[in-house]
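return a 3D structure for these sequence lines:
(2 chains)
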Number of protein chains: 2
Amino acid sequence: MSDTATRRRSRGAGGGAARRAERSAISFETAKFITRNVPNYEVLTPEALDIIEANAETLLEEIGVNFVENPAALDRWRAAGAMVEGERVRFPKGMVRKLCETAPETFIQHARNPERNVEIGGRNLVLAPVYGPPFVRDGDSGRRYATIDDFRKLVKLGYMSKWLHHSGGTVCEPTDVPVNKRHLDMLLAHMTLSDKPFMGSVTEPGRAEDSVEMCRILFGEDFVRDNCVLTSLINVNSPLTFDATMMGALEVYAAAGQACILSPFIVGGAMAPVTVAGTLTQVLAEVMVGVAYSQLIRPGAPMIGGCFVTSIDMNSGAPTFGTPEAALITYGAGQLMRRLGLPYRSAGSFNDSKLPDAQAGYESANSLNAGLMAGVNFMLHACGWLEGGLVTSFEKFVIDADQLGVLHGIAQGVDISENGQAMDALREVGPGGHFLGCAHTQANFKTAFWRTEIFDHKPYETWADEGERDTRSFATALVAKRLADYQQPALDPEIAARLEAFVARRKSEMADAFS
Amino acid sequence: MSDTATRRRSRGAGGGAARRAERSAISFETAKFITRNVPNYEVLTPEALDIIEANAETLLEEIGVNFVENPAALDRWRAAGAMVEGERVRFPKGMVRKLCETAPETFIQHARNPERNVEIGGRNLVLAPVYGPPFVRDGDSGRRYATIDDFRKLVKLGYMSKWLHHSGGTVCEPTDVPVNKRHLDMLLAHMTLSDKPFMGSVTEPGRAEDSVEMCRILFGEDFVRDNCVLTSLINVNSPLTFDATMMGALEVYAAAGQACILSPFIVGGAMAPVTVAGTLTQVLAEVMVGVAYSQLIRPGAPMIGGCFVTSIDMNSGAPTFGTPEAALITYGAGQLMRRLGLPYRSAGSFNDSKLPDAQAGYESANSLNAGLMAGVNFMLHACGWLEGGLVTSFEKFVIDADQLGVLHGIAQGVDISENGQAMDALREVGPGGHFLGCAHTQANFKTAFWRTEIFDHKPYETWADEGERDTRSFATALVAKRLADYQQPALDPEIAARLEAFVARRKSEMADAFS
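Next comes the predicted model:
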C-alpha cells in the first residue's frame, strides 16, 4: 500500500483549501486506489514479446510515423537523431525506446484534497469515469444532447462514488456551451464540485494552457511547478500519425511537468491490422514515439502508455466491445507497457448497447475484469459508458461504479492470516453444523463479503410486489438519491472566486465557436 | 488440441446409431470443447497452498466427516484404515490424498455422436447448461413452474448452441412429472433430442441405476462397461457431511466406471466459514474425502473435484453471485484441484437477478470470466441460470450461450505466426492510411473477430425505428427462431423404441410420488 494518500504537505493556497475542505466537508467515503495483491495475467510468452518489440522497431525504422503540420516537432526529432523527410519521421532501432527511459514508472497525481491523491503505476489501479460522449441518457428523458448541467451532475455522481478514485475529464460534451469555451466550464466543475483528481483539456494547445493556469489558481503556482495535478488524454491518429492539435496539447503539458496518457485509439480492422499481434505491434510503436516525444520536451515528464481498443463489426461497421480480441490485446499491451517501464492505461465499462441492459452488463464486465487482470494502472471510462461511447448513461454510471467494488475485492487477494484460515470456526462448527452463529462469523461478517449498493437480492415475492423492477429502474432511483444527497466539498472562497474570474475573463476574450 | 473428438470407434448399437446420425442429421455447428492456449490465473502462493492443504489434513484428522445412514460406507472406511466412531470418520494425515491418486487426471466422456465427445481435465474446458431450477421464465409467460415440455425445449436449445459442449442434466425440474419418474423422461430427452453428452440422476441410487441402464441401451452394454458415458453431480452436505442418497448414487456410478462431480455446495457464512482461505480448506477436505470414497468403490473411477460457491447476503439471507470472494475461491480451488491431480468443476452463469438484465449480465460475466481464468475443466450452469438458481430463463440461456463464445476466443491466445504479426499489412498501409481494404484484412476478416449472434450493433436510428429493443427482447426472438429451426438428430429407431419401452416399463413399476 502506498502511503501517499495520507501524506500531508504544504501547498500554499491549494493546501489551505484542502485542509479547510477536510475540516468542514460532509465526508463521502472514497476507497483508496487499488493496489493489487494478485498477479497480472499474461498471455504473451517472452518469445512473443521479443517478436512484437522487434517488429515495432522495424516498423519505426522502415515506415516511420508522420508528425503533421508541426515543424517544431520535426526539428526536435531531427536534433534527436531521427531521419526526417517531409512530415515522415523514421527512427534508428532502439532510439525511441531509449528516450522512453526518462519517463517515470510511477507518479502521484495530486488532488486538492490530499486524501484523494492517486499513485499511477506499479501494482496500482486508478479508476476514472467515461470520457467524451456528446449524448447523455437517463431514465426520465431518454437519449439527448448533453449539456453543462448534465456535466455537473455527472461530476457530482463521480464525487459520491465510493469506488471511483478520479473525477475524469470530459464526462460528457456540454454541447450547450460554445466549443471554444467548454473546457473552462468543465474544469471549473471538476475543481469546485469534486475534490478528486481530474484531467485537462486537449482540444487545442491554448485550452491546455488554460487548464494549467486554472490549476495554478487551485493548487498554487509553486505546487503546480513541482507536482503533477493533471492527467490528460492524448490520442494518436492511428495508424502512425501524430497531429498538431494533440501534439500541441502534449507539448504544453509535458513542458509543465503534467501527465499525459499516450493512447492510440484503435478500431481493429480500420486503424490497425485485424490480428492481435499486429495491433499490439502498432500500439507499441505509437506509444513509444509519443512518449519519446514527451521526453524530448521535458525529460521526466510523467506519461501513461496504453490503448483504447475495439474491433469493427464487419457487418455494420459499428465498434464492438467485450470481445475476446479486445481482452487479448488488453492483456498483451499490459505486458508491453511493463517492459517499457510505463504506467498502463486500458479497458473500461465498454459496450455497444443502446440501453443499460444485459448486453451492456456483459460487455462491460468482460472489459473491466480484463482490465484488472491485465495490470491496468489508469482505467479511463471505468463507469458510465454506453452505446459505443456516444452516450454517457446516468444509470449505467452508478451501475458500473458499484461493480468497480468487485475489482477492489478481487485485488485484495486471499487473506491467509490465522483469522483468514478460520480453523477455529471449522473446529467449532463441525459436521452438519452451520456457521451463521459461530464466533468467527460474528467477528468477521461485517467486512467478510463485498456488498453491492444497487443489485437486487430481495426475495422473489417482495420484488414482484414492488413492481418487478429491473436494474435500470433501480439505477434511476439511485441516481436521484445520490444527486439529492450531494453536498459540495468546501473550497476556499477566495480561490473559488479567482477561478470564476479567470473563466469569465477568458470567455470574454473569445467569440463563441460551435464547431 | 485433443484428437478425441474426431476419433472413430466401434461401439455396438451406440456406434451404429452414431454413425447413422452423422450421415443423416442436419448439422448444427458445435464448437469443440475449449483447449486453453492461455495460462491459468493463480492467486495463492505455494506457501498459502501448503497452509490450506495442511489445515485440510488437520481438519480431517481432528474433526473428520459424517457418513450418515450408510453402514456399508463406514465398513469401507474402517477397512481402509480410517478411524470410525458412530457415523464420524476421521482420517490419518495423507490417507485420503493418497487414495485420490488413482482417479484419472483426464478422461473422455463419450457422446452418442463421437464428434461430441468431451475430454475432461488438463487444459480443457467443457461447458454444460444450468442444472436444477424448479421454475422457468420466458418472454411470453414470465415465471412459472417448469414442465417436461420446458425441459425438452431447453435440451433442444442446448443442442443448437454452438458454444455448448454438453447437454447437461436437470436443465429444469419437470414438476408436472412425478418426482420418482422424472429422471426417466429427462434422460430420454437428452438421449433422443440431442447427441451431446449428458448427466445421470443422483436423487436416489435406483435412479442412478436406471441412468446407467438406459445408457446400456443407447451405447451398448460392452461400451458402457469400458467407457465413461455419464458425468453426474454429487453434492456434499457441507459442512463435512456425506448423506446416504448422494453417496448411494456415487456408489452406483463409481462401480459402473461412470464419472461424478464431487462438489461441495457452499453458501459462505452458512455452510462454510466467511473467509476465502477457510472455505477453501473445507472444500479441499470434502472433495478429498468424496473422491477417496469413490476410489474405495472402484479405483480409477473418473471423478471431477470442485465447488459451487456463493456467499450469503447478510441483510436478506439471499445467495450472492459475481462477488470478489466467489472469484478468489474459484481461482484458489483450481490451484488445489490441480495439485490434487483432479479435473476441476466451478463457475457458471451465476446471478441473483430476477430478470435477464444488467445485473444478470454483470454477475454472470464476472463468474464466467473467472471460470475460464481459473482453469475450470467442467463448467456446469454455463448458461441459463437466473434468480439464484431458482429459475431457468430461456432468454438468458441463449444470451449466456452466445457469450460462451467469448471464452472460446480468449482461450485461443495470441496467434504469433507471420500472418498474426501482420507486418505486410502495417507496411502496406503506413501512416494515415486505413486497413479496411488492405490485402491482409481481406484475407483474414471473416475469421479475425469473434461475432455475437444476439447482441446489437445496429446504428442508433435503426435501433430506434425498430422499437428500442433491449437484450431480453432480442433473446425472446432468438429462442423462438432456434426452436422453430430445431431438427432432431437421427437415432436408430430400434434403440429409440427400446429406450421408450424401458421408460414405460419402469414407470409402470412405480406409483406416482410428488415429493
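
every contact and neighbour count from this point should use C-alpha atoms.
Noted.

so, low pLDDT: which residues of chain A?
Where chain A drops to pLDDT under 70, the residues are A:1-28.

output the lengthiest helix in it as CSV, restricted to C-alpha atoms.
As assigned by DSSP state H, the longest helix anywhere in chain A is helix A:276-297. Written as CSV, here are the backbone C-alpha positions of helix A:276-297 (Å, rounded to 0.1, in the frame of the first residue of the first chain):
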residue,chain,number,x,y,z
VAL,A,276,-4.0,-9.2,-32.1
ALA,A,277,-0.2,-9.4,-32.6
GLY,A,278,-0.3,-6.9,-35.5
THR,A,279,-2.4,-4.4,-33.4
LEU,A,280,0.0,-4.8,-30.5
THR,A,281,3.0,-4.0,-32.7
GLN,A,282,1.4,-0.8,-33.9
VAL,A,283,0.3,0.2,-30.4
LEU,A,284,3.8,-0.3,-29.1
ALA,A,285,5.3,1.7,-31.9
GLU,A,286,2.9,4.6,-31.5
VAL,A,287,3.2,4.7,-27.7
MET,A,288,7.0,4.6,-27.9
VAL,A,289,7.1,7.5,-30.3
GLY,A,290,4.6,9.6,-28.4
VAL,A,291,6.2,9.0,-25.0
ALA,A,292,9.7,9.6,-26.5
TYR,A,293,8.4,12.9,-27.9
SER,A,294,7.2,14.0,-24.5
GLN,A,295,10.7,13.3,-23.1
LEU,A,296,12.2,15.5,-25.8
ILE,A,297,10.0,18.3,-24.5
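
against which helices or strands is whichever helix or strand comes after it packed?
Using DSSP states H and E, the helix or strand that follows helix A:276-297 towards the C-terminus is strand A:303-306. Applying 3 or more Cα pairs under 8 Å, 6 or more residues apart in numbering or on different chains; DSSP states H and E, one finds that strand A:303-306 contacts strand A:259-268, helix A:276-297, helix A:324-340, strand A:344-345.

what about strand A:303-306, distance to the chain center?
11 Å (Cα atoms, centre = their mean, to the nearest Å).

parallel or antiparallel, which strands does that strand pair with?
strand A:259-268 (parallel), strand A:344-345 (parallel) (DSSP bridges).

name the next helix or strand downstream of that strand, please.
Remark: after strand A:303-306, the chain's next helix or strand is strand A:308-312, criterion DSSP H and E.

need the residues of the stretch 101-250 of chain A near chain B, please.
A:237, A:238, A:239, A:240, A:241 (Cα under 8 Å from any Cα of the partner chain).

number of nearby residues for the closest residue to the last one other than its chain neighbours?
With Cα to Cα, 6 or more residues apart in numbering or on different chains as the measure, residue A:66 is the residue that lies nearest to residue A:241, at 4.8 Å, once sequence neighbours are left out. A total of 24 residues lie near residue A:66 under the criterion other Cα atoms under 10 Å in any protein chain shown.

what's the helix or strand containing residue A:66 packed up against?
Following DSSP H and E, one finds residue A:66 within strand A:65-67. With contacts defined as 3+ Cα pairs under 8 Å, 6+ apart, strand A:65-67 has these neighbours: strand A:88-90, strand A:241-242.

so which other helices or strands are in contact with the last one?
Using 3+ Cα pairs under 8 Å, 6+ apart as the contact criterion, the neighbours of strand A:241-242 among helices and strands are strand A:65-67.

and the contacts of the helix or strand following the strand it packs on?
Next along the chain after strand A:65-67, taking DSSP H and E as the criterion, comes helix A:71-80. Contact with helix A:71-80 is made by A:67, A:83, A:84, A:87, A:89, A:293, A:296, as judged by Cα atoms under 8 Å, 6 or more residues apart in numbering or on different chains.

can you give me the end-to-end span of stretch A:454-467?
End-to-end distance for stretch A:454-467: 16 Å, by Cα to Cα, to the nearest Å.

now it: buried residues?
Buried positions in stretch A:454-467, judged by neighbour count with 16 or more other Cα atoms under 10 Å in any protein chain shown: A:454, A:455, A:456, A:457, A:458.

just give the nearest non-adjacent residue to residue A:397, would you?
Leaving aside its chain neighbours, residue A:397 sits nearest to residue A:384 (3.6 Å; criterion: Cα to Cα, 6+ apart).

now do the phi/psi pair for that neighbour.
Taking degrees, to the nearest 10, you get phi 100, psi -10 for the backbone angles of residue A:384.

check the one 5 residues further on too.
Taking degrees, to the nearest 10, you get phi 90, psi 0 for the backbone angles of residue A:389.

got it, and residue A:118?
With angles defined as degrees, to the nearest 10, residue A:118 sits at phi -120, psi 140.

thought residue A:109 was touching it, still the case?
Yes - using Cα atoms under 8 Å, residue A:118 is in contact with residue A:109, at 5.4 Å.

mind telling me what element the residue lying closest to residue A:486 once chain neighbours are set aside is part of?
Leaving aside its sequence neighbours, residue A:486 sits nearest to residue A:156 (Cα to Cα, 6+ apart; 6.8 Å). Residue A:156 is located in helix A:148-159, with elements delineated by DSSP H and E.

now do the helix or strand following that helix: which elements does it pack against?
The C-terminal neighbour of helix A:148-159 among helices and strands, as given by DSSP H and E, is helix A:182-193. Judged by 3+ Cα pairs under 8 Å, 6+ apart, helix A:182-193 is in contact with helix A:148-159, helix A:205-219, helix A:493-508.

so what's the gap between the strand holding residue A:66 and the chain middle?
26 Å.

again with stretch A:363-373
Centroid separation for stretch A:363-373 versus its chain: 14 Å, with Cα atoms, centre = their mean.

same question, stretch A:392-402
In terms of Cα atoms, centre = their mean, the centre of stretch A:392-402 is found 15 Å from the chain centre.

who's in contact with it?
For stretch A:392-402, the external contacting residues (Cα under 8 Å, 6+ apart) are A:129-130, A:133-139, A:154, A:157, A:161-164, A:171-172, A:349, A:356, A:364, A:382-386, A:452-454, A:472, A:475-476, A:478-479.

who touches the residue nearest to residue A:241 in this structure?
Residue A:66 touches A:87, A:88, A:89, A:240, A:241, A:242, B:431, B:432, counting by Cα under 8 Å, 6+ apart.

of the residues you listed, just say which sits nearest to residue A:280.
Of all these, residue A:280 sits closest to residue A:240, with 12.9 Å by Cα to Cα.

how much space between that closest one and residue A:95?
Residue A:240 sits 16 Å away from residue A:95, going by Cα to Cα.

what does residue A:432 give?
67 Å.

okay, these two: which has more neighbours?
Higher neighbour count among residue A:432 and residue A:95: residue A:95, with 18 against 14, using other Cα under 10 Å.
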